[in-house]
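A.B. asks: I need the structure of the sequence given here:
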Amino acid sequence: MVRIPDEVLDLIGDPDTQIVLATADDDSVPNAVPMRNVWIVDDDKMALGDVFFDKTRENIEANGRISLSLWKGTEGYQVKGSCEAIKSSGPLFEEKKEMLAEKMDLDLKALCMIDVEEVYSTTPGPEAGSKIV
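C.D. replies: Below is the predicted model:
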């Protein structure tokens, strides 16, 4: 696991940031969905909120691998990691479930706890595609 860089933390905390979650099934068939419910849990861990996951949940359960692409304007990053647990109970789950119900009238089904393994720059320029951590 690697420490999530400050610039990625800033984007995840910004409501104007666009986020796409990509997964693949065991036959390498890709699936990409827009994401809004991404939370930082620790320096090297984040939680993804399963509200509308279908194929995404199946893929995560099958192999655990995820990739997040996030950007605002031209600044962007790709975060790769693995789901180390799927939680549908506990203090963090209950906190996020209540928050989504109150703010967005959404029902949180589970949290996918992601260990961050690599971060790349997707910002246009000479460093695009380079590994940050």
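
A.B. asks: The helix or strand encompassing residue 49 pairs with which strands, parallel or anti?
C.D. replies: Taking DSSP states H and E as the definition, residue 49 sits inside strand 45-50. Here strand 45-50 has these sheet partners by DSSP bridges: strand 38-42 (antiparallel), strand 110-121 (antiparallel).

A.B. asks: so which of the ones you listed is the most packed in?
C.D. replies: strand 110-121 (a mean of 21; mean count of other CB atoms under 10 Å). Bear in mind the C-beta positions are built from the backbone N, C-alpha and C, glycine included.

A.B. asks: any residues touching it, and which ones?
C.D. replies: Strand 110-121 is touched from outside by 1-2, 4-5, 8, 41, 44-50, 53, 57, 60, 66, 76-88, 92-93, 96, 127-133, with contacts defined as CB atoms under 8 Å, 6 or more residues apart in numbering.

A.B. asks: of those, buried ones?
C.D. replies: Burial by neighbour count, judged by 16 or more other CB atoms under 10 Å, picks out 1-2, 4-5, 8, 44-50, 53, 57, 60, 66, 76-83, 86, 93, 96, 132 from the contacts of strand 110-121.

A.B. asks: Find the nearest non-adjacent residue to residue 51, please.
C.D. replies: residue 106 (5.1 Å; CB to CB, 6 or more residues apart in numbering).

A.B. asks: burial count for that neighbour?
C.D. replies: Neighbour count for residue 106, taken as other CB atoms under 10 Å: 16.
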